[in-house]
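**Q** attaching a predicted model along with its sequence, questions to come.
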Amino acid sequence: MTLELRGVAAGYGIVNVIDQIDLTVRPAEIVTLIGANGAGKSTLLKAISGLAPVRSGTISFNGERIDGYSTAARMRLGIAHVPEGRQIFSGLTVGVNLQLGAYLHRGRTDERAATLAEIGARFPVLQERLSTLAGNLSGGQQQMLAIARGLMAEPKLLMLDEPSLGLAPRLVTEIFEWIAHLREQGLAILLSEQNAWLSLAIADRGYVIENGRVALTGSGQDLLSSKEVADRYLGVGIEPQNGPGSPDNELAKRLREILGSRSN
Ligand SMILES: Nc1ncnc2c1ncn2[C@@H]1O[C@H](COP(=O)(O)OP(=O)(O)OP(=O)(O)O)[C@@H](O)[C@H]1O
Ligand SMILES: [Mg+2]
C-alpha cells in the first residue's frame with residue numbers, strides 16, 4: 001500500500017481549498033495532518049476518498065492513478081474514510097452499522113462474517129452491544145463504532161478525520177491507543193487531528209497544512225520538537241503542560257511503547 005499525491009488541488013465550487021499538495025503514505029505508517037481550523041485538512045482527506053473533486057495534480061494508490069475514480073471504486077481498492085463527526089446511523093443497531101461498513105467488502109459472505117467476528121474481538125465494547133441502537137452509545141463508543149465500521153471493509157489505508165473531537169481525555173487516550181494498535185497490524189493510517197501533540201506523538205510522519213498547502217513536513221518527533229510547530233499548534237488538546245512525570249507525559253510514553261520499534 002502506497003498513497004502518493006503530487007501537486008493536488010481540490011475544493012468546492014470555483015474555489016481551490018487545497019493546492020500543490022505533495023503527500024505520501026507508506027505501508028503501516030501513521031501520518032498526521034495538523035493545521036488550524038479551515039486549513040484544508042478535511043478537504044485533503046475528501047480529495048483522497050473522492051468526496052472533493054481533484055482539479056489538478058495526481059493521486060495514485062499502489063501505482064494506480066485513482067483521482068478520476070468514484071468514491072466506491074476507491075473504497076474497493078482499500079481506502080476507507082471515517083469522516084468528522086461520527087456519522088453513524090443512530091436509529092440502527094451497532095450490528096447493522098457494522099454490516100453496512102462491509103457492503104463493499106471484497107470477500108464472500110463467510111469472509112464478511114469472519115471480519116465481523118474479528119472486529120468484535122478487537123472492540124469488545126461493541127461486541128457486547130451489537131443489538132443496542134447506535135444512538136444510545138456514549139460519544140466515545142460512537143467514535144469507536146465509526147472506526148470499526150471503516151475497518152469492516154478491510155481497508156489498506158484508513159483515514160480518520162478528527163477521531164478525538166469532543167471526547168473526554170480518557171477516551172481520547174483509548175482512541176489513540178487503538179490507532180497505534182491498528183498500525184502495528186499493518187494498516188496505514190492518515191489522521192487529521194486538532195490534538196496536534198498527541199497525534200504527532202504516535203505519528204511516523206506529519207504534515208503541517210496552512211492555507212491549503214504543506215507548510216512543513218517531517219517525522220512526528222521532529223515536528224514535535226520544532227519550535228514553529230510548538231508555538232503555533234501544540235497549545236491545542238492534551239499537551240505535556242505539567243512537565244515531566246505528568247499523566248500526559250506518561251501517556252505519551254505508553255503510546256511510544258505500544259509503537260515499539262518505530263523507526264524515527
Ligand atoms: N462543502 C463545502 N463547501 C464549500 N466550502 C467548504 C466546504 N467544506 C469546507 N469548506 C471550506 O474549505 C475550507 C477548508 O475546510 P476544511 O474543512 O478542509 O478545513 P480543516 O482544516 O479540516 O478545518 P477544521 O480543523 O475546522 O476541521 C474552509 O474555508 C471551509 O469553509
Ligand atoms: Mg476538518
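**A** Done, it's in. The shown structure was predicted, so the numbers you read here are calculated from the model rather than taken from an experiment. Ligands and ions are numbered 1, 2, ... in the order given.
**Q** now the phi/psi pair for the residue nearest the centre of the chain, please.
**A** Centre of the chain computed as the mean C-alpha position; nearest residue by C-alpha atoms, centre = their mean is L160, 2.3 Å away. Main-chain torsions, L160, degrees, to the nearest 10: phi -120, psi 120.
**Q** which residues in the stretch 101-250 of the chain form strands?
**A** With DSSP state E, counting those that start in this stretch as the definition, the stretch 101-250 of the chain shows strands at residue ranges 157-161, 188-192, 205-210, 213-219.
**Q** could I get these as CSV with mean pLDDT and distance to ligand 2?
**A** Yep, even glycine has a C-beta here, placed from its N, CA and C like the rest. Putting the strands of the stretch 101-250 of the chain into CSV (pLDDT from 0 to 100; distance: least, C-beta to the ion, whole Å) gives the following:
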stretch, mean pLDDT, distance to ligand 2
strand 157-161, 97, 6
strand 188-192, 97, 6
strand 205-210, 96, 10
strand 213-219, 96, 16
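**Q** so for L151, which of these sits nearest?
**A** Proximity to L151 (C-beta to C-beta) singles out strand 157-161 among those, at 6.9 Å.
**Q** list the buried residues for that closest one?
**A** Across strand 157-161, burial judged by 16 or more other C-beta atoms under 10 Å covers 157-161.
**Q** cool, stretch 211-229 as well?
**A** 212-214, 216-221, 223-224, 226, 229.
**Q** break the chain down into its domains, please.
**A** Residue ranges for the domains of the chain, per automatic domain parsing: 3-78+155-259, 87-154.
**Q** how about the residues of this protein that lie near ligand 2?
**A** When proximity is defined by C-beta under 5 Å from the ion, the chain lies next to ligand 2 at 41-42.
**Q** below-threshold pLDDT in the chain: ranges please.
**A** 104-107, 235-264 (pLDDT under 70).
**Q** residue contacts, the nearest residue to L167 once chain neighbours are set aside?
**A** Once flanking residues are discounted, L167 sits nearest to G140: 5.3 Å by C-beta to C-beta, 6 or more residues apart in numbering. Contact analysis of G140 by C-beta atoms under 8 Å, 6 or more residues apart in numbering lists 167-168, 171, 174-175.
**Q** which two of these have the greatest separation?
**A** Applying C-beta to C-beta across the contacts of G140, the maximum distance is between A168 and I175, 10.7 Å.
**Q** circling back to that earlier point, my guess is the residue nearest to the centre of the chain contacts I147. True?
**A** Yes - here L160 reaches I147: they are 6.7 Å apart, a contact under C-beta atoms under 8 Å.
**Q** hey, what's in contact with both of the two?
**A** V82.
**Q** contacts only, for the nearest residue to L187 once chain neighbours are set aside.
**A** Spatially, and ignoring its direct neighbours in sequence, L187 is nearest to L158 (5.6 Å; C-beta to C-beta, 6+ apart). Contacts for L158 were tallied using C-beta under 8 Å, 6+ apart; they are 80, 82, 147, 150-151, 182, 187-190.
**Q** what subset of those is buried?
**A** The neighbour-count test (16+ other C-beta under 10 Å) applied to the contacts of L158 identifies 80, 82, 147, 150-151, 182, 187-190 as buried.
**Q** show me which of these is closest to I59.
**A** Once C-beta to C-beta is applied, the member of the buried ones among the contacts of L158 that ends up nearest I59 is L190, at 12.1 Å.
**Q** who's in contact with that closest one?
**A** 3, 25, 31, 33, 45, 48, 157-160.
**Q** so what pairs up with the residue nearest to it when sequence neighbours are not counted in the strands?
**A** What sits nearest to L190 in space, not counting adjacent residues and going by C-beta to C-beta, 6+ apart, is M159, at 4.6 Å. Taking DSSP bridges as the rule, M159 bridges to H81, L190.
**Q** pretty sure M159 contacts V82?
**A** Yes - contact criterion C-beta under 8 Å: M159 and V82 qualify, at 6.8 Å.
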